[in-house]
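Visitor: Requesting a structural model of the entry that follows:
(one chain, ligands or ions: 1)
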Amino acid sequence: MAEFDGRVAAVTGGASGIGAAVVAALRERGARVAALDLRPVPDADGVLGVRADVTDDASVREAIDAVADRFGGLDVLVNNAGIGAQGTVADNDDAEWLRVLDVNVLGMVRTARAALPYLRRSSSAAIVNVGSIAATAGLPQRALYSASKGAVLALSRAMAADHLREGIRVNCVNPGTADTPWIGRLLDRADDPEAERAALCARQPHGRLVSPEEVAHAVVYLASPLAGSTSGVGLAVDGGMQDL
Ligand code: NAD
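Guide: Residues are numbered from 1 along each chain as shown. As a prediction, this is how the structure comes out:
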C-alpha cells in the first residue's frame, strides 16, 4: 500500500516547476491530486486540473469545493503558487508590493481559509507552504520577494499553532534556487545566461541548482504521516545555504 492511498491533495501552482513535481510525487505515492493553477493542467488518471487564481477569493473557494466534491474530501493542501520580484525598496512601488504580497501571502491565506472546513474532517490533515531561502538569507535585490517569503514562514508557524489541536499540521519548505521554468525565464533575460547560471550554481554551497523533485520530496515528507509529530518547521532544501 502506498503512503498516500485514499488521501486527497490540492496543489496550487501545480502546472509548472516545483508544483508540477509535487503533483507527480503525491500521485506516485497513491494520492488523488488536484493541480490548481492559472494555467490549464490536463486531467489524467488520479489528477484533476482546476483553473484557479489565488488572488481571487471566489475562484479559490470554487476550486477547493470542486476538488472536495469530486474526490470526496481534502487531506493535504500544498500552497506553492508564487511570483518573483526583483529590486531594492527603492525600485518597487506600492502597487507592485501589493501585487506580489497578494499572490505570495494572501494567496495562501485564501486557499487555507477555503480548505480548513475539509481539513478539519480529515483523519490526517496537513498544509505545506512553499516559502524560500530568501525568507532568511538576506539576498540582494530581492527586498519585496524576501519580505513575502518571510511572511510565509511566519504565517506557517502561526497557522501551526492555531490548527494543531484541530489535527492539522502546518509546515513550510524553503527551497534554494531551484531549476524550474521560473529560473529559465530569469536566465533568458540575462545578458549572459551561461554566466548567470554558473553564478546561481556557485551561490549554492553544493555547487548546483536544487531540483524540483528534491523540493517535492520534502513537501511529500511533511505532508505524510511520517511527519506526524512535526508542525511549524521551515525545512530548507538549499544545499546547506542557510548554515553559511
Ligand atoms: P513556476 O513559475 O515554474 O511555477 C509557478 C506556478 O504558479 C505557475 O504554474 C503559475 O501559473 C502559478 N501561479 C502564479 N500565479 C498564480 C495565481 N495567481 N493563481 C494560481 N496559480 C498561479 O515557479 P517555481 O519555480 O516552480 O516556483 C514555485 C514556488 O516555489 C513559488 O512559490 C516560488 O516562490 C517558490 N520558490 C522557487 C524557487 C526557484 O528557484 N525556482 C526558489 C525558492 C522558492
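Visitor: switch to C-alpha atoms for all contacts and neighbour counts from now on
Guide: OK.
Visitor: for the ligand, what are the nearby residues on the protein?
Guide: The chain comes close to the ligand at residues 12-19, 37-39, 52-55, 80-83, 103, 130-132, 175-183, as judged by Cα under 6 Å from any ligand atom.
Visitor: just checking, which of those residues belong to strands?
Guide: Thr12, Asp37, Val130, Pro175 (DSSP state E).
Visitor: top of those by neighbour count?
Guide: Neighbour counts for those (other Cα atoms under 10 Å) peak at Thr12, which has 32 neighbours.
Visitor: how far away is the nearest residue to that one once chain neighbours are set aside from Ala216?
Guide: Distances taken as Cα to Cα, 6 or more residues apart in numbering place Leu36 nearest to Thr12, at 4.6 Å, with adjacent residues excluded. Per Cα to Cα, to the nearest Å, Leu36 is found 16 Å from Ala216.
Visitor: Settle it for me: which of those two has more neighbours?
Guide: The residue with more neighbours, out of Leu36 and Ala216, is Leu36; 30 against 25, by other Cα under 10 Å.
Visitor: For that one, name its beta-bridge partners.
Guide: Thr12, Val50 (DSSP bridges).
Visitor: which strands and helices sit next to the lengthiest helix in the chain?
Guide: When the chain is parsed with DSSP state H, its longest helix is helix 143-163. Counting contacts by 3 or more Cα pairs under 8 Å, 6 or more residues apart in numbering; DSSP states H and E, helix 143-163 packs against helix 94-101, strand 125-130, helix 134-137, strand 168-175.
Visitor: Contact partners for the nearest residue to Arg7 once chain neighbours are set aside?
Guide: Spatial nearest neighbour of Arg7, excluding adjacent residues (Cα to Cα, 6+ apart): Ala31 at 5.1 Å. Neighbour list for Ala31: Phe4, Asp5, Gly6, Arg7, Val8, Ala9, Gly46 [criterion: Cα atoms under 8 Å, 6 or more residues apart in numbering].
Visitor: On the strand side of things, show who the fifth one bridges to.
Guide: Right, Val8. Following DSSP bridges, Val8 is listed with bridge partners Arg32.
Visitor: Look up how far the ligand lies from it.
Guide: Distance of Val8 to the ligand, computed by Cα to the nearest ligand atom, to the nearest Å: 19 Å.
Visitor: please begin residue numbering at 378 from this point
Guide: Fine by me, first position is 378 from now on; the one you just mentioned is Val385.
Visitor: okay but that residue is in contact with Arg447, surely?
Guide: No: Val385 is beyond contact range of Arg447, at 10.0 Å (criterion: Cα atoms under 8 Å).
Visitor: Show me which of those two is the more surrounded one.
Guide: Between Val385 and Arg447, counted using other Cα under 10 Å, Val385 has the larger neighbour count: 25 against 11.
Visitor: can you list the domains in the chain?
Guide: As given by automatic domain parsing, the domain ranges for the chain are 385-552+588-614, 557-586.
Visitor: contacting residues for the spatially most central residue of the chain?
Guide: By Cα atoms, centre = their mean, the chain has its centre lying nearest to Asn457, at 2.1 Å. If you count contacts by Cα under 8 Å, 6+ apart, Asn457 has them with Val388, Thr389, Gly390, Gly391, Ile395, Gly396, Asn506, Val507, Gly508.
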